[in-house]
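Got a predicted structure here, sequence first:
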Amino acid sequence: MILEILLTLIFIRPFICSLAFPYANLFYSTLLIIVISGWIIVKRLPLMLSGSIKYPLILFVLVLFISVLFSGDKIVSIKELYKYISGISLFLISASLSYRDRKRVLSVIVASGFLVSLLAIYQYFFGFQHVLDYLTRQKVSNDFILDYISRRRAFCPFVTPNTLGGYLAVIIPLTLIYKNKIWILLPLSSALLLSKSLGALLSILLALVIYFCLRGKLEKKEIVLFSGLLVLFGLIFVARSGAQKQDLQPIFSTVMRLRYWRDTLRIIHSFPFTGVGLGNFNLIQSRYAHNSYLQIWAEMGILGLFSLLWLILTILKRSLKNIKNSSLNNQIVALTAANAVFLIHNFVDFSFFLPEVTLIWWLIMGLLYAETGFPDAPTKPQNTLKNI
């Protein structure tokens, strides 16, 4: 029963935007913490602090609390801490599941992404007026959302097209596991196109290159997918480059990000070791650095960035080592590619700090760690998700 509740929460997570609906997000987060606590008590979840994963995970958690201790605004940092605690807990839970239950989690993640894509497509064709009507009723004036609507960039259920694009780009590689359900790719790819996010498209193109290299062989559907995304990237780039307004052109977005990074480096220079504290990062023109790694350094100090990268590299190293020896080759490669999309996209965006996206990433990290470390998976090569 408790697994079904957790799966339901995983499914609805992308639909509760933390920035647009803070009270709904607070309710969800409280419920999630209760379910996680119940899971740990009922299942007696071992914290899996063994092997090479133990040291980076312990260091990262330790740095989180140190960051709160040295924070300029401890209340804000404590509020931000729950995102990390929830993410780490989901990582441990997903990594401790049986093979059958891990397949269920993966199916829920993909199903949720499929519904998100349909919602984004609906918004593009019918929903922009609904958003304008809502903003009018609530007497809300948001220049960014109005700009997205005028440029016809889909963003629902998130608040920015880049967040939508980054999320969909993470889900798309996971669909390659489903050999007989390739049709799922159509709405996902279409919604990604309608977000017009160059960063997301570039991220998935690079991740698919990694996927192809790890697979060692290409199927027709994979070649078609890569070719189609490459064409979409070119079309969006040309369309945005030819825009008359300066703020619609890719060069404008690039220049703004360079300014954010420059200002973030100044903060890092002032607080290189302790950081300014979780949630205390803020620029004059933006709440985010549009580079999650720089912002993590600015908030948590150099040890925070180091411990997180250590954790990520430990899992990736283990997965790469086991790809050739595992009967779940395709599944591990797909999870690795999805992980790569998230990591690459966060060089130019901030979805790491949005729980509606980053909690899905923590789950994927846990699934990836489990696939390479658990002995209960099938021992013979097969279509592992064929009957899902």
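Good, I have the coordinates. Here the structure is a predicted model, which means the values were calculated and not measured.

so where's this structure uncertain?
Residue ranges of the chain with pLDDT under 70: 44-51, 217-222, 235-250, 324-328, 371-388.

at 50 instead, please
Applying pLDDT under 50 to the chain flags residues 243-244, 246, 374-377, 379-388.

okay, now the nearest residue to L3 once chain neighbours are set aside: neighbour count?
Excluding the flanking residues, the one nearest L3 by Cβ to Cβ, 6 or more residues apart in numbering is D101, at 6.3 Å. Where you see a C-beta, it was placed from the backbone N, CA and C, and this is true even at glycine. D101: 16 surrounding residues under other Cβ atoms under 10 Å.

which stretches of the stretch 151-300 of the chain form strands?
Counting by DSSP state E, counting those that start in this stretch, the stretch 151-300 of the chain forms no strands at all.

Other residues contacting the helix or strand harbouring I40?
For I40, the element it lies in under DSSP states H and E is helix 22-43. Outside helix 22-43, the residues within contact range by Cβ atoms under 8 Å, 6 or more residues apart in numbering are 2, 5-6, 9, 12-13, 16-18, 45, 82-83, 85-86, 89-90, 93, 96, 355.

Show me which of these are buried.
Among the contacts of helix 22-43, those buried by neighbour count (16 or more other Cβ atoms under 10 Å) are 6, 9, 13, 16-18, 83, 86, 89-90, 93, 96, 355.

ok, those residues vs L278, which is closest?
Distances from L278 to the buried ones among the contacts of helix 22-43, taken as Cβ to Cβ, are shortest for K83 (8.6 Å).

State the distance from the closest one to S18.
Counting by Cβ to Cβ, to the nearest Å, the gap from K83 to S18 is 9 Å.

do L201 as well
Distance of L201 to S18, given as Cβ to Cβ: 24 Å.

sorry, back to before: shared neighbours of K83 and S18, which are they?
P355.

Show me where the stretch 251-388 of the chain has its helices.
When secondary structure is read from DSSP state H, counting those that start in this stretch, the stretch 251-388 of the chain shows helices at 292-322, 329-345, 355-373.

Looking at those, spot the one closest to G127.
helix 355-373 (18.2 Å).

Hey, what's the angle from that closest one to helix 329-345? Just curious.
140 degrees (axes from the mean of the first three to the mean of the last three Cα atoms, to 10 degrees).

Helix 355-373 versus helix 22-43: what angle between them?
Going by the same axes, to 10 degrees, helix 355-373 is angled at 30 degrees with respect to helix 22-43.

Helix 355-373 packs against which elements?
helix 2-12, helix 74-96, helix 99-122, helix 161-175, helix 292-322, helix 329-345 (3 or more Cβ pairs under 8 Å, 6 or more residues apart in numbering; DSSP states H and E).

Tell me which of those helices sits most buried.
With neighbours taken as mean count of other Cβ atoms under 10 Å, the helices and strands packed on helix 355-373 reach their highest mean count in helix 161-175, at a mean of 27.

Dump the C-alpha coordinates for that one into CSV.
Once non-C-alpha atoms are left out, helix 161-175 reads as follows in CSV (Å, rounded to 0.1, in the frame of the first residue of the first chain):
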residue,chain,number,x,y,z
PRO,A,161,9.8,26.7,-21.5
ASN,A,162,13.4,25.8,-20.6
THR,A,163,12.2,23.9,-17.5
LEU,A,164,9.6,22.0,-19.6
GLY,A,165,12.2,21.3,-22.3
GLY,A,166,14.8,20.1,-19.8
TYR,A,167,12.3,17.8,-18.1
LEU,A,168,11.0,16.3,-21.4
ALA,A,169,14.6,15.8,-22.5
VAL,A,170,15.3,13.7,-19.4
ILE,A,171,12.2,11.5,-20.1
ILE,A,172,12.8,10.9,-23.8
PRO,A,173,15.9,8.5,-23.3
LEU,A,174,13.9,6.4,-20.9
THR,A,175,11.3,5.6,-23.6
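
Report the inter-axis angle for that helix versus helix 99-122.
Per the same axes, to 10 degrees, the angle that helix 161-175 makes with helix 99-122 is 140 degrees.

tell me what helix 161-175 is packed against?
Applying 3+ Cβ pairs under 8 Å, 6+ apart, one finds that helix 161-175 makes contact with helix 99-122, helix 185-195, helix 198-215, helix 329-345, helix 355-373.
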